[in-house]
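Student: Here is a sequence with its predicted model. Questions after.
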Amino acid sequence: MLKNLKRLLRNNEVVIILCIYLLVVFTVIACSCSPVKKVLSTPKLYDQVKRQVILRGECANDTVTKEVIIDNVIYKDTVIKDSFRVLMPAECHLDTIVNNFSIYLENGNLWVQWLGQIPQRTIEKKTTHVIVDKAKEAILIDSCKALERVVYVKENELVRKNKTIFKLYLGLAVIILFMLRKPLLRLAGF
């Protein structure tokens, strides 16, 4: 039998056919165990992979544009000067300065000067572009809601346990009072 196998292997055609057969079998086995194919064909696995890809931020492509308008009013110190026409004699001189406020007469006009503040308004527009991953945001909101539900359930369980413990202590106090009723009544004088 060993002689037949050696003779068979010496024949090149048989070796080539055997190699092709083994290559086809190996390819079929490798393709049937493909993890990518398994993930793409199973919705549960696909959702798990998608969730991990989104949480790693590999798909952040939603851009939110915000336009911010800043409206400022700034007061600047300035000298305000105003005049009034008055009928005065030509040779009258008047010049007075009191607390940054001055009045003087010049060529029949009464001039008034004072330090004041003039409001100056500036409006500035800023446009910002922020990359927001809406899918990741939705996943994080869902996980927060799930955690909120767990906390709510645990709080309710704690409240129920506390009520039960209170009732047990109350029952224990009633039983102790019932057992000690005769000595307590004698002690009270009844």
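Tutor: That came in fine, so what should we check first?
Student: Pull the number of nearby residues for residue 134.
Tutor: Residues lying near residue 134 (other Cβ atoms under 10 Å) number 13. Backbone N, C-alpha and C define where each C-beta goes, glycine included.
Student: Before we move on, what's the pLDDT of it?
Tutor: Reading off the per-residue confidence, residue 134 sits at a pLDDT of 75.
Student: Next, work out how far apart it and residue 165 are.
Tutor: Computed with Cβ to Cβ, to the nearest Å, the distance linking residue 134 and residue 165 is 46 Å.
Student: go on, residue 145?
Tutor: Counting by Cβ to Cβ, the gap between residue 145 and residue 165 amounts to 31 Å.
Student: Please, where are all the strands along the chain?
Tutor: With DSSP state E as the criterion, the chain has strands at 62-85, 95-98, 101-106, 109-132.
Student: Please state the backbone phi and psi of residue 189?
Tutor: The phi and psi torsions at residue 189 (degrees, to the nearest 10) take the values phi 100, psi 20.
Student: Residue 180 now?
Tutor: As for residue 180, its main-chain torsions (degrees, to the nearest 10) stand at phi -100, psi 20.
Student: Low-confidence stretches in the chain?
Tutor: Low-confidence segments of the chain, defined by pLDDT under 70, span residues 1-12, 32, 57-65, 76-101, 104-105, 107-108, 114-119, 130-132.
Student: Go through it and flag its longest helix.
Tutor: Using DSSP state H, we find that the single longest helix of the chain is helix 134-179.
Student: could you say what helices and strands that one packs with?
Tutor: Helices and strands in packing contact with helix 134-179 are listed as helix 43-55; criterion 3 or more Cβ pairs under 8 Å, 6 or more residues apart in numbering; DSSP states H and E.
Student: quick one: contacts of the helix it packs on?
Tutor: Outside of helix 43-55, the residues within contact range by Cβ atoms under 8 Å, 6 or more residues apart in numbering are 38, 39, 40, 59, 133, 135, 136, 139.
Student: okay, the angle between it and helix 134-179?
Tutor: 100 degrees (axes from the mean of the first three to the mean of the last three Cα atoms, to 10 degrees).
Student: For helix 43-55, buried residues please.
Tutor: By neighbour count, and taking 16 or more other Cβ atoms under 10 Å as the criterion, the buried residues in helix 43-55 are residue 54.
Student: Use 55 as the first number from now on
Tutor: Will do, 55 is the new start, and the previous item becomes helix 97-109.
Student: burial of residue 88, as a residue count?
Tutor: Applying other Cβ under 10 Å, I find that residue 88 has 11 neighbouring residues.
Student: now it: how far from residue 100?
Tutor: Counting by Cβ to Cβ, the gap between residue 88 and residue 100 amounts to 14 Å.
Student: try residue 228
Tutor: Residue 228 sits 61 Å away from residue 100, taking Cβ to Cβ as the criterion.
Student: just residue 206 next, same as before
Tutor: As judged by Cβ to Cβ, residue 206 and residue 100 stand 31 Å apart.
Student: next one: residue 203
Tutor: Where residue 100 is concerned, residue 203 sits at a distance of 25 Å (Cβ to Cβ).
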